[in-house]
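Trainee: predicted model follows, preceded by the sequence.
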Amino acid sequence: MQPLMDTDSERLMTEGIATGQAAFDRLLVETDAPYLAPQPYRGKRNEPAYVVETARYIAEMRGLPIDELEGQTAANARRLFGIDET
């Protein structure tokens, strides 16, 4: 079971469960919890477009520029799902 990545959850971040222990070449960012929207959308229905907030938070926690995280997670998804870039 994968840990829940909630941008308000300092406990998960402190323990290193959500981002710190995940290998960068295997990290994916997704959202599928319709009732757990990230900040600043808390209290609203979660939307796929909000995944960028989770990505920003993970990049911040890892000390990375957001474009580096986006590039790596996109490459990871292409590799996982066998999607050719061409």
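Mentor: Received it, and whenever you're ready, just let me know what you need. Just so it is clear, the model here is predicted, and its values are computed rather than measured.
Trainee: what's the separation between residue 60 and residue 40?
Mentor: 15 Å (C-beta to C-beta, to the nearest Å). Heads up, the C-betas are built off the backbone N, CA and C, glycines and all.
Trainee: more crowded one of these two?
Mentor: Higher neighbour count among residue 60 and residue 40: residue 60, with 13 against 10, using other C-beta atoms under 10 Å.
Trainee: helix or strand: which one has that one?
Mentor: Using DSSP states H and E, residue 60 sits in helix 51-62.
Trainee: what do you get for residue 67?
Mentor: Here residue 67 is assigned to helix 66-81, by DSSP H and E.
Trainee: got the buried residues for that helix?
Mentor: 69-70, 72-73, 76 (16 or more other C-beta atoms under 10 Å).
Trainee: low-confidence ranges, the chain, go.
Mentor: 1-20, 32, 86 (pLDDT under 70).
Trainee: only alpha carbons, please: show stretch 58-77 as CSV.
Mentor: Extracted C-alpha coordinates of stretch 58-77, given in CSV (Å, rounded to 0.1, in the frame of the first residue of the first chain):
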residue,chain,number,x,y,z
ILE,A,58,7.2,17.5,-3.3
ALA,A,59,9.7,19.6,-5.2
GLU,A,60,9.9,22.0,-2.3
MET,A,61,10.5,19.2,0.2
ARG,A,62,13.2,17.7,-2.0
GLY,A,63,14.8,21.1,-2.7
LEU,A,64,14.3,20.8,-6.4
PRO,A,65,13.1,23.2,-9.1
ILE,A,66,9.6,22.2,-10.1
ASP,A,67,10.6,21.7,-13.7
GLU,A,68,13.2,19.1,-12.7
LEU,A,69,10.5,17.2,-10.7
GLU,A,70,8.0,17.5,-13.6
GLY,A,71,10.6,16.2,-16.1
GLN,A,72,11.6,13.2,-14.0
THR,A,73,8.1,12.2,-13.1
ALA,A,74,7.0,12.4,-16.7
ALA,A,75,9.9,10.2,-17.8
ASN,A,76,9.0,7.8,-15.0
ALA,A,77,5.4,7.6,-16.2
